[in-house]
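Trainee: Build me a model:
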Amino acid sequence: MIGSPDARRRGRKEGLLDPTLPPHRRVFAQRLRALRHDCRDPAYRLLGRLSHCGSGTLSEAAGGRRFPTWEATRAYVTGCLRHAQRTEELDEILPVWRRRWLEANALEQAYPQRLHHATLPGRARLPAPPADFTGRDAELSELDRLGADDGRARIVVVCGTAGVGKTALALSWGHRARHRFPDGRLYVNLRGYDTAKPLLAMEALTQLLPALGVPTEEIPSNVDTAAGLYRGLLDGQRVLVVLDNARDPDQVRPLLPAADGCVAVVTSRDRLSGLVARDGAKRVALGPLGNAEALSLLAEIVGEARLAREPQATRELVRACANLPLALRVAAANLADRPSRRIDTYLRQLAAEGAAPADDPYSGLNAALDLSYDTLGTDEAALLRLLGLVPGPDFTAGACAALADIDPVKAAHLLERLAAAHLVQEHTDDRYTFHDLLRAYAVGKLREREEAPICAGAVQRLFDWYLHSAHAAAAFLYPQPPRFPLPPAPAAAAEPSPATAVDALAWLDRERPNLVALIVPAPGQPHRTRAWRLAAELSGYFWRQTATDEWDRVAQAALASAEADGDPAGQASALMNLRRIQGKDGRTREIAAVETDRALLLARELGWRDGEIFALNSVASARIEIGMLASAARSLHAARLLLESDGYLNCPPMFLFNLARVYHRWGEPALATAYARQAFDHYARLGARGEQAVGRMILSMVARDRGDTATAEEHARAGVALAVDMGDRHIRAYNLVALAAALHDLGRDGEATDAADEALALARELEVPQLAGYALIRLADADLRAGRHPDALSRHVQALRIGRRTGYQTIKIFALAGLAQAQRVPQPQRVSHAEAALADANATGARLFAAQLSNVLAAAHRDAGQPERARRCASRALDLSLACAHYPGVARARALLTALEAS
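Mentor: Presented below is the predicted three-dimensional model:
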């Protein structure tokens with residue numbers, strides 16, 4: 001029937017998809033449309049209400065003209081399932097859609113470049129092999145056989161001594177066999193034998209997962225979870241993964257694909273017998289080149305005619321280089337640069353430099369390197385030596401310009417000359433690296449030639465270049481953390497200036513391994529001076545990542561560096577960084593337990609007001625959570641006085657939001673609103689959307705407890721929208737909790753459950769336990785009203801455990817309050833739960849909570865047949881609620897008293 005309510009809720013039939021759309025968009029849109037049809041075709045306006053997302057955004061998602069964000073996709077799927085009353089399937093279905101979206105998004109990112117290439121650039125990360133690669137026909141054929149496309153996952157270990165050409169073989173085969181891997185060819189250098197420490201499996205996954213379309217901030221913090229996501233994304237794909245320079249099997253195992261059709265090629269100096277025995281890997285042992293292959297390699301670089309003029313000397317050169325490709329390339333490049341030099345003359349020079357392959361196969365390489373080094377110009381040789389100081393895996397012309405104190409154009413020219421001499425290699429556009437043997441050679445020359453002050457100056461310039469570059473990117477993206485004034489930038493080198501937020505984030509993602517290597521020293525290396533400055537600049541970047549392990553290592557290294565230098569400013573900054581990590585992890589007790597915060601004392605001694613305000617706010621925030629409201633208020637008022645004194649307005653007033661939270665719990669809604677509004681207006685003028693979203697959440701909570709639920713809903717919805725627009729899942733989830741509370745009070749329990757469900761899912765994705773606790777309480781509220789008492793009991797018990805484990809008093813108090821209202825709990829225990837919750841509320845000084853809990857205790861006494869106690873508690877609840885302007889509490893207390901009088 002056309003006029004029926006069900007028909008009115010059903011959306012119109014959608015038009016056909018444009019046949020010219022890119023295939024990945026068309027397929028994804030078709031899947032979305034099919035889901036909507038299976039869920040009874042809800043109208044987009046209804047779908048928007050069910051998913052807290054704009055109807056236009058949802059309609060566009062299924063239109064295919066633009067590829068949807070994950071937030072829009074998630075909202076679409078969630079809304080459809082809610083309309084079909086299939087919310088119990090969300091936990092199972094959302095991960096499936098997440099994987100589909102990640103795969104399609106990776107194709108979308110590559111779409112502009114895919115018109116003439118079938119494999120997306122994000123997944124086509126295999127560096128080019130040496131242009132002069134020759135020979136190895138038998139080994140290439142063996143790789144063809146072992147990597148045969150028979151539908152099974154394959155692991156191949158290419159092992160051999162250093163410099164024998166393992167990487168060149170793996171890369172050459174990967175490019176030769178690219179038709180077998182249409183879904184991508186990935187590469188990561190595990191740096192197993194580098195002078196710096198080997199790459200951890202988690203660090204390797206942070207390089208591999210973004211290539212598969214996972215944003216860096218969404219990479220799981222646990223290595224097993226991250227590895228599971230990685231393998232899941234490879235499922236059903238045909239992808240080659242080259243794991244270069246592995247040290248041992250444990251480094252490799254989390255990175256091995258399990259999907260049929262995928263192949264992993266692992267190169268190592270070790271035979272990796274554990275992979276062969278336990279994981280079924282096949283081994284290709286690589287020895288030195290055969291004489292014919294070695295001669296062919298020399299001919300590629302030097303020219304056949306020249307070799308033909310001195311056949312005996314050529315054979316002797318091959319022997320002197322021990323048939324090692326790396327040594328042969330260096331020697332050949334040296335000869336190619338000097339066309340008039342005779343090969344036998346070069347041989348005598350090699351012998352003079354100590355080449356004796358019979359005694360030491362690497363003596364020929366070292367001798368060839370010495371001769372190549374001796375032919376370098378002064379500037380080229382100086383840069384090569386200084387490159388031994390670079391701790392990260394690669395370098396750009398900009399970084400080299402700072403390192404050597406030269407112009408970036410000159411640095412680029414010198415790098416090209418070093419690449420021509422086979423001393424460094426360009427592994428991607430404008431990014432260079434070098435073999436670990438060559439890195440060790442550069443370090444040796446550095447120790448021979450350079451004095452300590454020169455080395456220290458070069459490292460400091462490199463640090464400062466990265467510091468200014470990171471500052472430019474971080475300030476663009478994350479303006480909140482306090483910062484010291486920067487030291488002068490290196491005179492010669494210009495740091496990159498991002499034009500957009502996308503550029504800034506891309507630079508940080510690209511340079512992350514180098515930035516971390518600068519801060520976290522390898523074993524046996526000294527702490528880096530001023531590492532804390534760089535760590536401070538990266539604080540906002542790491543805050544947005546799911547993982548905190550790497551951030552914690554960075555912050556700990558920064559603190560150790562500052563302590564080793566006796567630098568109080570550095571210690572203060574590093575301690576604040578650690579506070580942010582503790583806060584994100586929910587370790588509030590660790591922050592709040594500090595009697596006199598060391599970071600605060602240091603900032604105060606230095607006269608660093610930004611730092612002092614930040615430290616005061618950090619400790620106060622933790623103390624609010626564990627119920628130390630008076631102590632928190634003292635810290636926050638001290639911060640306010642600092643901000644207002646002498647017209648000092650440099651520090652963003654984030655602490656005002658925490659003052660609002662204190663006064664809200666104290667039952668002072670007018671002051672709470674004033675402080676929150678003052679901070680909100682400040683951030684609105686700046687256009688800072690994330691901070692505005694925080695303000696919306698707090699304003700929503702205050703409005704709700706005054707009984708203005710319509711305004712509370714409005715603020716929370718606006719906060720959700722701001723957070724979605726920014727892609728900030730933390731703030732989005734907190735606003736969803738606030739929205740669930742407002743909707744519950746409005747009697748819209750279905751919508752409240754949807755919002756709380758979404759918040760809980762986000763909390764689990766983000767691994768934030770306290771956020772999960774708040775969401776569980778909101779879900780339990782809806783369960784209680786709907787009579788789902790077992791579900792309510794289970795959720796309140798879960799929330800109580802979280803509150804006790806994290807020290808979050810609000811979670812603990814309201815979980816106990818929920819247990820006091822649970823029908824499955826015996827009456828005496830319900831009274832004791834309510835009494836415990838009220839005692840905790842009184843101990844914190846949270847008058848608003850005491851008003852709410854007095855009503856809960858009154859109801860528990862009434863149900864236990866104790867009317868006098870119930871009357872006393874209800875009277876106290878009425879007095880407190882009136883004093884706090886908590887009008888919902890006033891109404892409840894009066895209703896209780898009326899019912900008690902009537903009975």
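
Trainee: got the residue ranges for the strands in this protein?
Mentor: With DSSP state E as the criterion, the chain has strands at 154-159, 185-189, 240-246, 263-268, 282-285, 425-428, 431-433.

Trainee: Now tabulate those strands in a markdown table and tack on mean neighbour count.
Mentor: (C-beta placed from N, C-alpha, C; glycine too.) Below are those laid out as a markdown table (neighbours: other C-beta atoms under 10 Å):
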| stretch | mean neighbour count |
| --- | --- |
| strand 154-159 | 23 |
| strand 185-189 | 23 |
| strand 240-246 | 25 |
| strand 263-268 | 26 |
| strand 282-285 | 17 |
| strand 425-428 | 16 |
| strand 431-433 | 20 |
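
Trainee: Can I get those strands in JSON lines including distance to T167 and mean pLDDT?
Mentor: Below are the strands of the chain laid out as JSON lines (distance: least, C-beta to C-beta, whole Å; pLDDT from 0 to 100):
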{"stretch": "strand 154-159", "distance to T167": "9", "mean pLDDT": "93"}
{"stretch": "strand 185-189", "distance to T167": "8", "mean pLDDT": "93"}
{"stretch": "strand 240-246", "distance to T167": "5", "mean pLDDT": "95"}
{"stretch": "strand 263-268", "distance to T167": "6", "mean pLDDT": "95"}
{"stretch": "strand 282-285", "distance to T167": "13", "mean pLDDT": "92"}
{"stretch": "strand 425-428", "distance to T167": "10", "mean pLDDT": "82"}
{"stretch": "strand 431-433", "distance to T167": "11", "mean pLDDT": "90"}
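
Trainee: Between those strands, which one is closest to R892.
Mentor: Minimum separation from R892 across the strands of the chain (C-beta to C-beta) falls at strand 185-189, 59.7 Å.

Trainee: domains of the chain?
Mentor: Per automatic domain parsing, the structural domains of the chain span 5-116, 137-285, 291-375, 464-585, 599-647, 652-767.

Trainee: Distance to D791 for those domains - can I get that in JSON lines?
Mentor: Formatted as JSON lines, the domains of the chain follow (distance: least, C-beta to C-beta, whole Å):
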{"stretch": "domain 5-116", "distance to D791": "11"}
{"stretch": "domain 137-285", "distance to D791": "27"}
{"stretch": "domain 291-375", "distance to D791": "65"}
{"stretch": "domain 464-585", "distance to D791": "28"}
{"stretch": "domain 599-647", "distance to D791": "26"}
{"stretch": "domain 652-767", "distance to D791": "10"}
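
Trainee: Tell me which of those is the most buried.
Mentor: When the domains of the chain are scored by mean count of other C-beta atoms under 10 Å, the highest mean neighbour count falls to domain 652-767 (a mean of 22).

Trainee: How far does it sit from its chain's centre?
Mentor: Domain 652-767 sits 24 Å away from the centroid of its parent chain (C-alpha atoms, centre = their mean, to the nearest Å).

Trainee: re earlier: so can I have TSV of the strands of the chain showing distance to H83?
Mentor: Shown next, in TSV, are the strands of the chain (distance: least, C-beta to C-beta, whole Å):
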stretch	distance to H83
strand 154-159	45
strand 185-189	39
strand 240-246	41
strand 263-268	43
strand 282-285	52
strand 425-428	47
strand 431-433	49
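
Trainee: Can you check which of those gets nearest to R40?
Mentor: Between the strands of the chain, strand 185-189 lies closest to R40; by C-beta to C-beta that is 41.7 Å.

Trainee: Give me the helices and strands touching the lengthiest helix in the chain, please.
Mentor: Using DSSP state H, we find that the single longest helix of the chain is helix 452-477. On a contact count with 3 or more C-beta pairs under 8 Å, 6 or more residues apart in numbering; DSSP states H and E, helix 452-477 meets helix 397-404, helix 501-519, helix 531-537, helix 539-543.

Trainee: Would you mind saying which of those helices lies nearest E612?
Mentor: Going by C-beta to C-beta, the one of the helices and strands packed on helix 452-477 nearest E612 is helix 531-537, 15.0 Å.

Trainee: right, and M701 touches A740 too?
Mentor: No. Contact criterion C-beta atoms under 8 Å: M701 and A740 do not qualify, at 11.6 Å.

Trainee: Distance of Y734 relative to G719?
Mentor: Using C-beta to C-beta, to the nearest Å, we find Y734 at a distance of 8 Å from G719.

Trainee: just K197 next, same as before
Mentor: Taking C-beta to C-beta as the measure, K197 falls 43 Å from G719.
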